[in-house]
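>>> Sequence and predicted structure below; questions after.
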Amino acid sequence: METEIKVLDKGFVRLEKYMAEDLDVVNAAKVSFLKRAKTIGEAEICLINFLAENHHTSPFEHTAFKFHVKAPIFIFREWHRHRIASYNEWSARYSELKNEYYIPEPENVRRQIGKPGRYRFELVSHDQAIEFINTLVIACKESFENYQWAIDLGIAKEQARLFLNVNIYSEMIVTLNAHSLMHFIKLRNSPQAQWEIQQYGAALEYFFKEIMPNTYNAFNKFMRNLKNG
Ligand SMILES: Cc1cc2nc3c(=O)[nH]c(=O)nc-3n(C[C@H](O)[C@H](O)[C@H](O)COP(=O)(O)OP(=O)(O)OC[C@H]3O[C@@H](n4cnc5c(N)ncnc54)[C@H](O)[C@@H]3O)c2cc1C
């Protein structure tokens, strides 16, 4: 298994630590009968499927995944809406951020068509994409120059950062259990989510699939496409 996945142009998801395996789900459920399983066989896989199919979600919570994530601030803005997780983020009050901005590839600059909730996206022409990217690069350069100018002037970092754009990179530690992780993957590695956060959702999905393969299968079969839940 990989331990770090590169995401976007400068980001990553790094698995720092985990306490999670399919057996954790099985044994959390089996405690109802004061029983334990030592290995995963057909009966244990059936039990995981039963739990997933019947929304018996608490056995999935006796697990933990700790990730170090580097992502643009606009991604963290969406990510931190997922309240059932623990977060600690790099402080731009205490230290200076780096001159690292997310710049999309020209073949991924999009226009949105349709109504809110039902947008579809099409690529703009290559010329429009290049114009957008060139202007964005200039804006980011100016933004960081102003940030450094303010710091050199003696302005506090917490105010100097007002010059920075939301595509500047930040870093955080996030820890969550498998129930929450499935919920995040369902919502964010989905075509309805912004493409950029989908890439982070896909990285988390890779780790989940590797570490809890039977739970992952049950999630895909019974939980992922549920409208409510
Ligand atoms: C495609 C998409 C578009 C979005 N657009 C917008 C938008 O335009 N504006 C916007 O503000 N947000 C938007 N969001 C964010 C969205 O509303 C949720 O805040 C976010 O997806 C986190 O989901 P959650 O609350 O289910 O997750 P978590 O916060 O991790 O919560 C997990 C579950 O715990 C329970 N829970 C947690 N807290 C509470 C609580 N206080 N009360 C009751 N139950 C609770 C709920 O069952 C919840 O589903 C969007 C999300 C997506 C995926």
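Noted; the coordinates are in hand. Numbering: from 1, shown residues only.
>>> And the residue in the chain that the ligand sits nearest to, how far from residue 169?
For the chain and the ligand, the shortest gap (Cβ to the nearest ligand atom) falls at residue 83, measuring 3.3 Å. For every residue, glycine as well, the C-beta is placed using N, CA and C. For residue 83, the distance to residue 169 equals 23 Å [Cβ to Cβ, to the nearest Å].
>>> Neighbour count: those two, which is higher?
For residue 83 versus residue 169, neighbours defined as other Cβ atoms under 10 Å are more numerous around residue 169 (21 against 7).
>>> dump the residue contacts of residue 111.
Residue 111 makes contacts with 121-124, as judged by Cβ atoms under 8 Å, 6 or more residues apart in numbering.
>>> Mind pulling the model confidence for it?
Listed pLDDT for residue 111 reads 96.
>>> and it, that's in a helix?
No. If the criterion is DSSP: H, G, I helix; E, B strand; the rest coil, then residue 111 is strand and not within a helix.
>>> Near the ligand, which residues of this structure are found?
Residues of the chain lying near the ligand by Cβ under 6 Å from any ligand atom: 81-84, 180, 183, 187, 192-193.
>>> Now list the buried members of these.
82, 180, 183, 193 (16 or more other Cβ atoms under 10 Å).
>>> now the closest residue to the second one other than its chain neighbours: how far from residue 175?
Pointing back at residue 180 there. Of all residues not flanking residue 180 in the chain, residue 84 sits nearest, at 4.4 Å (Cβ to Cβ, 6 or more residues apart in numbering). Using Cβ to Cβ, we find residue 84 at a distance of 11 Å from residue 175.
>>> quick revisit: and the two most separated of the buried ones among the residues of the chain next to the ligand?
180 and 193 (16.0 Å; Cβ to Cβ).
>>> give the contact list for residue 186.
219, 223-224.
>>> can we see that at 7 Å?
Counting by Cβ atoms under 7 Å, 6 or more residues apart in numbering, residue 186 makes contact with 223-224.
>>> Let's verify it: helix, strand, or coil?
Assigned state for residue 186: helix (three-state reduction, three-state DSSP).
>>> before we move on, the earlier item: and which of the residues of the chain next to the ligand is nearest to residue 203?
Looking across the residues of the chain next to the ligand and measuring by Cβ to Cβ, the closest to residue 203 is residue 193, at 13.4 Å.
>>> May I ask you to confirm that that closest one is in contact with residue 187?
Yes. Residue 193 is within contact range of residue 187, at 6.5 Å (criterion: Cβ atoms under 7 Å).
>>> what sits against residue 24?
62-63.
>>> Confirm it sits in a helix?
Yes. Counting by three-state DSSP, residue 24 is located in a helix.
>>> which residues of the protein fall in strands?
Along the chain, counting by DSSP state E, strands occupy 4-7, 11-19, 64-72, 86-89, 110-113, 120-123, 169-176.
>>> now, of those strands, which is deepest in the fold?
strand 64-72 (a mean of 21; mean count of other Cβ atoms under 10 Å).
>>> Could you pull up phi and psi at residue 166?
phi -70, psi -10 (degrees, to the nearest 10).
>>> just to revisit the earlier point, and the gap between the residue nearest to residue 180 and residue 75?
Counting by Cβ to Cβ, the gap from residue 84 to residue 75 is 18 Å.
>>> how about TSV for the residues of the chain next to the ligand, with pLDDT and distance to residue 9 added?
Shown next, in TSV, are the residues of the chain next to the ligand (pLDDT from 0 to 100; distance: Cβ to Cβ, whole Å):
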residue	pLDDT	distance to residue 9
81	98	24
82	98	24
83	98	29
84	98	29
180	98	28
183	98	27
187	98	24
192	91	23
193	95	19
